[in-house]
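[1] task: produce atomic coordinates for the following.
(one chain, ligands or ions: 1)
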Amino acid sequence: MRKEEIISGTSKYLMNTYGRYPIAMVRGKGAWVWDSEGKKYLDFVTGIAVNNLGHCHPSVVRAISEQSRKLVQVCNLYHIEKQVEFAKMLVENSFADKVFFCNSGAEANEGAIKLARKWGGANGGRYQIVHARDSFHGRTLGALSATSKKYQKGFTPLVPGFKSVPYGEIGPLEKAVEDDKVCAVILEPIQGENGVIIPYANYLKDARKLCRRKNVLLILDEIQVGLGRTGKLFAYELYGIKPDIMTLAKALGGGIPCGAVLATDAVAKHLSPGNHGTTLGGNPLAMSAGVAVLKTIIEDGLLDNATGMGEYFLCGLRVIKKEFGDLVRDVRGKGLILGVEFVSAETAKDAVVRCSNNGLLTILTEQKVMRILPPLIVKKNEIDQALKIIRRSLKEATVA
Ligand SMILES: *Cc1c(COP(=O)(O)O)cnc(C)c1O
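    All right, here's what the predicted structure looks like:
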């Protein structure tokens, strides 16, 4: 199909749920993607923190092609070797004792909410979930009930039993968990969709202490920042704490849909056969991809690379902020989740579009923030190229 056919086909045949750029991607390799016209881009969107190993990483390609010849799906009425293999790796590399596999981030958060309520039922009839006001936990009704109001518009009534507090403030959270109907607090260690919001250094530690004191579960949504994005395998490691439940998705299956709920035995033991499930969850294909992803992140030193490259990138962005103080309000990041906050929504949008035209893909988020999510395999020279493109794009914007 030609580009025009693809674009007109989108509006003819697909529901109008995404604001899309007039670009159709057809191929990817490492940190790069190519569109239908042969134009090459440095891909620092990575499918929104999905392609942490870059595109078509040989370990993932090998794993899924081999597995696709053996067994793609079998239902959870039978034991699945690849599930055991992947769950064991996740357990051995995290706080968790048990894993439940599903297919997406929203579905993982649904599972976490249900698990918290099951636990809460056995612990004094608790059911309330406290979440952060501008959070993003997904589009299904349960996850949406824990998500920022702006995504809820038009879909009410939502699921009862949710209440919100401002993110990054311990006082309001303290007050919210006073209610003895609260079973869990769900938080993102760093807010991605809300514009790369990094809370004060001890926020998660304070939240952890508070939850423990009030016998409330702490659920961490690491769907965006987990799996090496911050330079740690899981972002909670940055703060020296452990959650009771953690959700993963995005990067988990190397691009094959895969989500997971991880929990301690003390919490997970409240589930029994028939309580929860999902037909495609934990299928051998997704599991084989997940094993390859996790192995590669750990064995190829990608955590250290994310830390080192993240610092290098942030230094470069700080120089750009100095240079373009009229346009850029703030630059921030942790590992390879970075944000450039512009003075206005207009400037931010202009910068993201110009960067894309100049061959660098980034994501506009919360209107004013250019979110940058390079793959964990990114090299120094690719960051240099990205910085050059950002600088050139801002220069154009200043002239225009
Ligand atoms: C993307 C995201 C989700 C939702 O994941 P989906 O796979 O799109 O359902 C949930 N939480 C966070 C923090 C996310 O970034």
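[2] give me the neighbour count for whichever residue of the stretch 51-200 of the chain sits closest to the ligand.
    Nearest to the ligand in the stretch 51-200 of the chain, going by C-beta to the nearest ligand atom, is Gly105, at a distance of 2.1 Å. (C-beta placed from N, C-alpha, C; glycine too.) Counted with other C-beta atoms under 10 Å, the neighbours of Gly105 add up to 28.
[3] now do the same contact list for it.
    Listed by C-beta atoms under 8 Å, 6 or more residues apart in numbering, the contact set of Gly105 reads 137-138, 143, 221, 223, 247, 249-250, 259.
[4] distance of the residue in the stretch 251-400 of the chain that the ligand sits nearest to from Ile170?
    Of all residues in the stretch 251-400 of the chain, Gly259 sits closest to the ligand, at 6.5 Å by C-beta to the nearest ligand atom. Going from Gly259 to Ile170 by C-beta to C-beta, to the nearest Å gives 29 Å.
[5] what do you get for Asp134?
    Where Ile170 is concerned, Asp134 sits at a distance of 16 Å (C-beta to C-beta).
[6] who has more neighbours out of these two?
    Asp134 (20 against 17).
[7] still on that earlier bit, keep only those of the contacts of Gly105 that are in strands.
    Judged by DSSP state E, the contacts of Gly105 include 221, 247, 259 as members of strands.
[8] run through the neighbouring helices and strands of the lengthiest helix in the chain.
    Assignment by DSSP state H gives helix 302-323 as the longest helix of the chain. If contacts are counted by 3 or more C-beta pairs under 8 Å, 6 or more residues apart in numbering; DSSP states H and E, helix 302-323 sits against strand 328-334, strand 337-342, helix 380-399.
[9] these: which one's closest to Tyr312?
    Tyr312 sits nearest to helix 380-399 of all the helices and strands packed on helix 302-323, at 5.9 Å, using C-beta to C-beta.
[10] buried ones in the closest one?
    382-383, 386-387, 389-391, 393-394, 397 (16 or more other C-beta atoms under 10 Å).
[11] quick revisit: which of the residues in the longest helix of the chain are buried?
    Buried, per 16+ other C-beta under 10 Å, within helix 302-323: 302-303, 305-307, 309-310, 313-314, 316-317, 320-321.
[12] same thing with stretch 291-298?
    Those buried within stretch 291-298 under the rule 16+ other C-beta under 10 Å are 291-294, 296-297.
[13] restrict stretch 189-196 to CA atoms and write it as PDB.
    Provided in PDB are the C-alpha atoms of stretch 189-196 (Å, rounded to 0.1, in the frame of the first residue of the first chain):
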ATOM      1  CA  PRO A 189       7.100   5.100  40.900                       C
ATOM      2  CA  ILE A 190       7.600   7.900  38.300                       C
ATOM      3  CA  GLN A 191       4.600   9.200  36.400                       C
ATOM      4  CA  GLY A 192       5.100   8.600  32.700                       C
ATOM      5  CA  GLU A 193       1.900   9.800  31.000                       C
ATOM      6  CA  ASN A 194       1.600  12.700  33.300                       C
ATOM      7  CA  GLY A 195       4.800  14.200  31.900                       C
ATOM      8  CA  VAL A 196       7.700  12.300  33.500                       C
END
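[14] name the residues that touch that stretch?
    So stretch 189-196 is contacted by 49, 132, 134-136, 148, 167, 197-199, 204, 220, 222, 224-225, 230, 235-236, 238-239, 332-334, 337-339, 341, 365-366, 368-369, 371 (C-beta under 8 Å, 6+ apart).
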